[in-house]
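> can you look at this prediction? I've put the sequence above it.
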Number of protein chains: 2
Amino acid sequence: MIHESAAGPAATIQPPGDYEALRAAIAQRHGALPGRLQQVAEFTLDHPTDVALATVAEVAQRTGVQPSAIVRFARAFGFNGFTEMQQVFRSRLVAGVAPSYKARLARMKRDEASILGRRPLAVLGRFVADAHSALDSLLQSATEQDLEAAIAILAPARDIYLLGLGGSYPVAAHLAYVLRKLGRRVVLLDGIGGGIGEQSHAATAQDALVAISFRSYYPDTVRLFPELVARGVPAIAITDSLLSPIATGARLVFELQDMPEAAMRTLAAPLCLVQALAIGLDLAGD
Amino acid sequence: MIHESAAGPAATIQPPGDYEALRAAIAQRHGALPGRLQQVAEFTLDHPTDVALATVAEVAQRTGVQPSAIVRFARAFGFNGFTEMQQVFRSRLVAGVAPSYKARLARMKRDEASILGRRPLAVLGRFVADAHSALDSLLQSATEQDLEAAIAILAPARDIYLLGLGGSYPVAAHLAYVLRKLGRRVVLLDGIGGGIGEQSHAATAQDALVAISFRSYYPDTVRLFPELVARGVPAIAITDSLLSPIATGARLVFELQDMPEAAMRTLAAPLCLVQALAIGLDLAGD
DNA sequence: CAGAATTTGGAATGTTCATTCTATTTTCAA
DNA sequence: TTGAAAATAGAATGAACATTCCAAATTCTG
């Protein structure tokens, strides 16, 4: 009895860490498994989503076996129980919808190493990974509709006003640079010379506004944005939440998720978006 | 008992059935919600994946509220409890498994081949792909040595001067922002108020300079950089070629290859590099 | 400013769930 | 065919969990 739990199936091997590895292991050992466990193997391969979200009882019922058989199956693959195996199936769901989550987990592991050694290359690796996942989720969330709507707002504008302060200022500056290169009239609201209010004074409904702001939202941005909107200036917001102060009142909101705190963000995603807007606008042949 | 379920909060409205509808409802009612429920609203919008998979206790802890507040939140939106609301968040995960971003990226490349013209999503896809590969080659070319050398130059500096104009200005601005957040003294040479020369006048060998410039090199950068180097200011260059005007005289050169022309570049790579330098410097415990 | 209504924190409750245990059946070897 | 070993079913157990409840605090309202 004692040696069973010490040298039992759970201790024989260590469990696969990611879904693909687990899937491969199940497929390989399928033939050598006892009858009921074969049933379970087939079900898990065919219905990974159910395994990820359902309870033991549900999986057992749908497989046509007892709950204990499910647990035995998990233990046969090195897990301590069904719950542990389920995590692997859940990681697959998470990876599919939000690549950044997966990256975040990978980052955590890297972090532990980098804190010990304070190795700057690990730090760079982390930011590169962050930027990668931010770009991926940008591509997932942006739609053709949104981009076309944005271009439709910008195309007829006489002047394009850009509002991005604090940590978002580089994005606004870059957009200003590109738009000017393409021959558009741009007003970058940077507050230099004192009055950010004065800079935007001439904005009308014939113009357009692109505002960029992420948590924690820069006070001047929060103050100025509603003013311009109230004056009828059509606005595009690039932000990190639908609850952002610049989301309400905007004709169009680009929501970039999983933005890290200010000092940690790489700005890769908003810069790419802004770049695509500018070039897309130019290609649209104004 | 009976009238409780008939006239209780759960019966006031009927709950949104799919994720997008729920998301919209949360965003809309956010302002009218009591304080704690607002917190919950923000968390659910920002971390839908966590809500889908975690327990009430976990969500509560991460939100910073009591478990009961989570349940109240769910009931406020017409659900009978957290479990019921969680189903909606789970449906999002299940729906998201199929279309992966890789497939989408691949499709974009196909679209792009046919004609880049007029399809803004294809344009975005192209920039995202560009940024991806730029980040990868950054990670390949950067060495631990270089990064450590850079940090060794920056750590003892009294003031850090940043020189990046034209298309590179957003990179310099971002580096300035992050360094200041970390408590470093920074002078951003932006030429505002006329004299970029005056701004850099106080730079000495006790300070340090980070210069960023890509083709075609901005004239003021080309002019000012050798001046500062001649005065003994230790310089780090971030550029696209060893033949760049800011490569000669620099203590250290980060060479980023394959930089597209000014209006087409996304700046993802230099921004990441600069970010890693700043954080690496901070971790080095100056 | 007083009273009512709402909101909130935190513990108590009762349910659901994964896991374990044991008797029984099945399989295999001699 | 018989004995031993493995596998299985199903109930028992104990832990984890969502939910409820109530007192305290806060916010509205007259």
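On my side now, so go ahead.
> so how many other residues sit close to the residue lying closest to residue A:15 once chain neighbours are set aside?
Ranked by CB to CB, 6 or more residues apart in numbering or on different chains and with sequence neighbours excluded, the top spatial neighbour of residue A:15 is residue A:78, at 3.7 Å. In short, each C-beta sits where N, CA and C put it, glycine included. By other CB atoms under 10 Å in any protein chain shown, the residues close to residue A:78 number 18.
> what do you get for the one 10 residues further on?
Close neighbours of residue A:88, defined as other CB under 10 Å, add up to 23.
> do you know the pLDDT at it?
pLDDT, residue A:88: 87.
> may I ask which helix or strand encompasses it?
Assigned by DSSP states H and E, residue A:88 belongs to helix A:82-97.
> ok, and does that helix reach over to DNA strand D?
No: shown here: helix A:82-97 not in contact with DNA strand D (CB under 7 Å from any atom of the strand), separated by at least 8.3 Å.
> for that helix, name the packing helices and strands.
helix A:19-29, helix A:48-53, helix A:67-76, helix A:99-117, helix B:48-53, helix B:82-96 (3 or more CB pairs under 8 Å, 6 or more residues apart in numbering or on different chains; DSSP states H and E).
> what sits against the closest residue to residue A:58 other than its chain neighbours?
In this structure, residue A:58 finds its nearest non-sequential neighbour in residue A:50, 7.5 Å apart by CB to CB, 6+ apart. Neighbour list for residue A:50: A:43, A:58, A:59, A:62 [criterion: CB atoms under 8 Å, 6 or more residues apart in numbering or on different chains].
> show me just the buried residues among those residues.
A:43, A:59 (16 or more other CB atoms under 10 Å in any protein chain shown).
> in helices, which of the contacts of residue A:50 fall?
The helices, defined by DSSP state H, take in A:43, A:58, A:59, A:62 from the contacts of residue A:50.
> quick check: the farthest pair among those residues?
A:43 and A:58 (11.1 Å; CB to CB).
> do you have the helices of the stretch 101-250 of chain A handy? List them.
A:120-141, A:144-154, A:169-181, A:196-199, A:219-230 (DSSP state H, counting those that start in this stretch).
> how about those, which one is nearest residue B:172?
Judging the helices of the stretch 101-250 of chain A by CB to CB, what sits closest to residue B:172 is helix A:169-181, at 8.6 Å.
> and for that closest one, what's in contact with it?
A:160, A:162-165, A:186, A:188-190, A:210, A:212, A:238, A:267, A:270-271, A:274-275, A:277-279, A:281, B:166-167, B:169-171, B:173-174, B:177, B:262-263, B:267, B:271.
> list the buried ones in that helix?
Buried positions in helix A:169-181, judged by neighbour count with 16+ other CB under 10 Å: A:169, A:170, A:171, A:172, A:173, A:174, A:175, A:176, A:177, A:178, A:179, A:181.
> repeat for stretch A:205-219
A:207, A:208, A:209, A:210, A:211, A:212, A:213, A:214, A:215, A:217, A:218.
> quick check: which of these has the minimum pLDDT.
Minimum pLDDT across the buried residues of stretch A:205-219 falls on residue A:215, with 85.
> so residue A:188 makes contact with residue A:162?
Yes: Residue A:188 lies in contact with residue A:162 (CB atoms under 8 Å); the separation is 5.0 Å.
> higher neighbour count, the two?
Higher neighbour count among residue A:188 and residue A:162: residue A:162, with 23 against 20, using other CB under 10 Å.
> quick one, grab the pLDDT at the more buried one.
pLDDT, read off for residue A:162, is 97.
> for it, give the beta-bridge partners.
Residue A:162 has these beta-bridge partners by DSSP bridges: residue A:188, residue A:210.
> isn't it up against residue A:184?
No: using CB under 8 Å as the test, residue A:162 is too far from residue A:184 to be in contact (10.7 Å).
> against residue B:57, how distant is whichever residue of the stretch 1-150 of chain A sits closest to DNA strand C?
Proximity of the stretch 1-150 of chain A to DNA strand C (CB to the nearest atom of the strand) peaks at residue A:81, 1.9 Å away. For residue A:81, the distance to residue B:57 (CB to CB, to the nearest Å) stands at 20 Å.
> and what of residue A:228?
Distance from residue A:228 to residue B:57, by CB to CB: 44 Å.
> got it, and residue A:219?
For residue A:219, the distance to residue B:57 - CB to CB - is 35 Å.
> before we move on, what about residue A:210?
42 Å.
> what does residue A:234 give?
In terms of CB to CB, residue A:234 sits 45 Å off from residue B:57.
> got any ranges where chain A has weak pLDDT?
The model of chain A has pLDDT under 70 over residues A:1-14, A:95-118, A:258, A:285-286.
> domains of it?
Listed domain ranges for chain A are A:2-97, A:99-134, A:142-283 (source: automatic domain parsing).
> as a markdown table, those with distance to residue B:134 would be great.
As requested, the domains of chain A are exported to a markdown table (distance: least, CB to CB, whole Å):
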| stretch | distance to residue B:134 |
| --- | --- |
| domain A:2-97 | 24 |
| domain A:99-134 | 10 |
| domain A:142-283 | 9 |
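> hang on, the earlier thing: who's more crowded, residue A:228 and residue B:57?
Ranked by neighbour count (other CB under 10 Å), residue A:228 and residue B:57 place residue A:228 first, with 21 against 11.
> residues near the residue of the stretch 51-200 of chain A found nearest DNA strand D, how many?
DNA strand D sits closest to residue A:68 of the stretch 51-200 of chain A, with a gap of 3.3 Å, by CB to the nearest atom of the strand. Close neighbours of residue A:68, defined as other CB under 10 Å, add up to 11.
> now swap in residue A:226 and tell me
Residue A:226 - counted by other CB under 10 Å - has 14 other residues nearby.
> what's the closest non-adjacent residue to it?
Using CB to CB, 6+ apart, the nearest residue to residue A:226 is residue A:249, at 6.0 Å.
> return the residues in contact with that neighbour.
Neighbours of residue A:249 in contact, by CB under 8 Å, 6+ apart: A:225, A:226, A:229, A:230, A:235.
> hmm, which of those are the buried ones?
Buried among the contacts of residue A:249 by 16+ other CB under 10 Å: A:225, A:229, A:235.
> those also near DNA strand C: which ones?
Contacts with DNA strand C are made by none of these, judged by CB under 7 Å from any atom of the strand.
> and which of those residues is nearest DNA strand D?
So of those, ranked by how close each gets to DNA strand D (CB to the nearest atom of the strand), first place is residue A:225, at 24.8 Å.
> great, nothing more from me.
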